[in-house]
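Chemist: predicted model and sequence below, questions to follow.
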Amino acid sequence: MIVLGIESSCDETAAAIVNDKKEILGECVLTQMEHKTYGGVVPEIAARSHLEHIEDILEQTFKKANLSPSDIDAVAAAAGPGLIGGVVVGVMAAKSLALALNKPFIAVNHLEGHALAARLTSDVEYPYLLLLVSGGHCQILIVKGVGDFERLGTTIDDAAGEAFDKVAKMLGLGYPGGPMIEKMAALGNEKRFVLPRPLQNSGDCNLSFSGLKTAVRKIIESYSPDNNIEHAILSKQDTADICASFQLAATESLVHKLQKAIVTFRTKYPQGKDLVVSGGVAANTYLRNRLKLLAETEGLKFSAPPIRFCTDNGVMIAWAGMERALKGMYNDLDFKPRPRWPLDADAPKAAGAGGVKA
């Protein structure tokens, strides 16, 4: 079986084709650079860019795969959550192809794309414990199967990636902030500044990064003569030390909550043996190394998608589509794109394995 996947939920216009042998036949991704000027993604600009580039991205993907559209067996698209303008572009492109080719359409939860990506590139078996960390989401889940998730914890405010971006912006490091924070942190002293680990004693697996972000802001303001963050005078070493201290605090917050989640996971599913991290923040090698150490200490196998598949991409959507297609989990063409779509919500009703339903 061959599945085409389309991703357009934020600022990457991407497509990929995979088969049921876990082979990536072709892929193409365009990251929109125009948002750097604004320090964050502008939804209207993102949607227009998706519309301008989606046709070319699809053409390049088929060319790289050496396939024609008629060769695929199903078309999947990220149908939410995300910036609704961009999501609509990808979904409408997928629906148009499905209708024209008389192929099944599959609505993929963007987060499920991240959640299942490691199963394409590693030997990960259900059930497994997942830390999903990105710019817009931060959740700890038990992945029991396709469309079957149990949430153990989530952020009550900012997502981890959002906090990285905002700290980077406060330090004038640019956007996206995650890679810049990691790069500067490698030059810094992570013990220089003492920062909070929010919700450490909450007794649950929920996370919080707003207080940590505020604590960093106060440190930066202390380097200003008038307590104005815009007037702060920081040396390169000061900036590096702040980045390192922030990265340590954010990582330790995640590790601490995962330790609690592992206890719950083992109690409910003693046969489970995998700890997986995915999402854009999973590209952070410092975090990956700490999580790998945690997994080893707890007797679990650590897995993560290759770094290039941590940020939004078409491969993860194609693979999630494949897993759904293999179970006959297709969708009607009247499926509505969703700006919000909790991963642990009930999965949409399948249209059946018979093909496209108009």
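Modeler: Looks like it arrived, so ask away. This one's a predicted model, so the numbers in the text were calculated from it and none came from an experiment.
Chemist: which strand or helix spans residue 258?
Modeler: Under the criterion of DSSP states H and E, residue 258 resides in helix 236-268.
Chemist: for that helix, enumerate the helices and strands it packs against.
Modeler: With contacts taken as 3 or more C-beta pairs under 8 Å, 6 or more residues apart in numbering; DSSP states H and E, helix 236-268 sits against strand 128-133, strand 138-145, strand 148-154, helix 160-170, helix 177-185, helix 210-221, helix 285-298. In this view, the C-beta of every residue, glycine as well, is placed from N, C-alpha and C.
Chemist: using JSON lines, lay out the ones you listed together with mean neighbour count and mean pLDDT.
Modeler: Listed next are these as JSON lines, based on neighbours: other C-beta atoms under 10 Å; pLDDT from 0 to 100:
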{"stretch": "strand 128-133", "mean neighbour count": "27", "mean pLDDT": "98"}
{"stretch": "strand 138-145", "mean neighbour count": "22", "mean pLDDT": "97"}
{"stretch": "strand 148-154", "mean neighbour count": "19", "mean pLDDT": "97"}
{"stretch": "helix 160-170", "mean neighbour count": "24", "mean pLDDT": "94"}
{"stretch": "helix 177-185", "mean neighbour count": "21", "mean pLDDT": "96"}
{"stretch": "helix 210-221", "mean neighbour count": "18", "mean pLDDT": "96"}
{"stretch": "helix 285-298", "mean neighbour count": "17", "mean pLDDT": "97"}
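Chemist: adding distance to residue 236, write these out as CSV.
Modeler: Below are the helices and strands packed on helix 236-268 laid out as CSV (distance: least, C-beta to C-beta, whole Å):
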stretch, distance to residue 236
strand 128-133, 27
strand 138-145, 29
strand 148-154, 36
helix 160-170, 15
helix 177-185, 8
helix 210-221, 14
helix 285-298, 19
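Chemist: so which of those gets nearest residue 265?
Modeler: Distance to residue 265, taken as C-beta to C-beta, is lowest for strand 128-133 among the helices and strands packed on helix 236-268, at 4.5 Å.
Chemist: mind checking the SS state of residue 327?
Modeler: coil (DSSP: H, G, I helix; E, B strand; the rest coil).
Chemist: and the pLDDT at it?
Modeler: For residue 327, the pLDDT comes out at 97.
Chemist: from residue 168, how far out is the residue nearest to it when sequence neighbours are not counted?
Modeler: Closest residue to residue 327 apart from its sequence neighbours, by C-beta to C-beta, 6 or more residues apart in numbering: residue 146 at 5.9 Å. Distance of residue 146 to residue 168, computed by C-beta to C-beta, to the nearest Å: 35 Å.
Chemist: return the residues in contact with the residue of the chain most remote from its centre.
Modeler: Of all residues in the chain, residue 225 has its C-alpha farthest from the mean position, at 39.1 Å, by C-alpha atoms, centre = their mean. By C-beta atoms under 8 Å, 6 or more residues apart in numbering, the residues touching residue 225 are 231, 233.
Chemist: ok, residue 320 next?
Modeler: Here residue 320 is in contact with 5, 76, 108-109, 112-113, 115-117 (criterion: C-beta under 8 Å, 6+ apart).
Chemist: about what we covered before: for residue 26, see how far away the residue nearest to residue 327 is.
Modeler: 24 Å.
Chemist: got it, and residue 242?
Modeler: Taking C-beta to C-beta as the measure, residue 242 falls 42 Å from residue 26.
Chemist: helix, strand or coil for residue 197?
Modeler: coil.
Chemist: my read: it touches residue 251, true?
Modeler: No: Residue 197 is beyond contact range of residue 251, at 9.9 Å (criterion: C-beta atoms under 8 Å).
Chemist: next, the residue farthest from the centre of the chain: phi, psi?
Modeler: Residue 225 adopts backbone torsions of phi -70, psi -20, taken as degrees, to the nearest 10.
Chemist: oh, and call the first residue 11 from now on, that's how I've got it
Modeler: With 11 as the first residue, the last one maps to residue 235.
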